[in-house]
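Trainee: Here is my input; please provide its structure:
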Amino acid sequence: MIRALVVTVSNRASAGVYADKSGPLLVELLGEAGCEVEGPVVVPDGEAVEEALREGVSSGYQVIVTTGGTGLTPMDLTPEMTRRVISREIPGIAEAVRQANRDKVPTSILSRGLAGQADQTLIVNLPGSSGGVRDGMAVLAPVLQHAVDQIRGGDHPR
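Mentor: This is a model prediction of the structure:
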């Protein structure tokens, strides 16, 4: 079973202004995809994202999925913090997430989320909306096991 961590990035949810909705949904969807999930860990934008990611990588999670902080506002820094942690980008995942529901939600292409590898961990940034999480998991779930296997040195199935 894949060990996964969910990190919600939200200044307001981390301050208790409102409840985190996308994080619990992401936990549910990762569970349905066959993961043993912890979280959501709720952090504010900025350095706290990098810290949560580094902690998750050092704790041996095979997958860390973030929700939030991928937009265009000045405080949306999840991609920048993720870039500090990953050693290799996996652009196809992030591109597919942006395109997943583009016809119904044209603004999905404005998400700046990344996907990449840090040591033996797959890290994927998803948007902060429930719809963005659903669309992102529709892309991620079918490739999750193969991606984890590949990162850990597995061969392509024959």
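
Trainee: From now on I want contacts and neighbour counts done on CA atoms only, so please keep to that.
Mentor: Noted.

Trainee: Tell me how far the one helix or strand Glu28 maps to lies from the chain's centre.
Mentor: Using DSSP states H and E, Glu28 sits in helix 22-32. Averaged C-alpha coordinates place helix 22-32 at 11 Å from its chain's average position (C-alpha atoms, centre = their mean, to the nearest Å).

Trainee: same check, this time on stretch 63-82
Mentor: 9 Å.

Trainee: Give the residue spans of this structure that score low on pLDDT.
Mentor: Within the chain, the stretches with pLDDT under 70 are 157-158.

Trainee: Spatially central residue (nearest the centroid) of it, please.
Mentor: Val65 (2.6 Å; C-alpha atoms, centre = their mean).

Trainee: Packing partners of the helix or strand encompassing that one?
Mentor: Using DSSP H and E, Val65 sits in strand 63-67. If contacts are counted by 3 or more C-alpha pairs under 8 Å, 6 or more residues apart in numbering; DSSP states H and E, strand 63-67 sits against strand 2-9, helix 22-32, strand 121-126.
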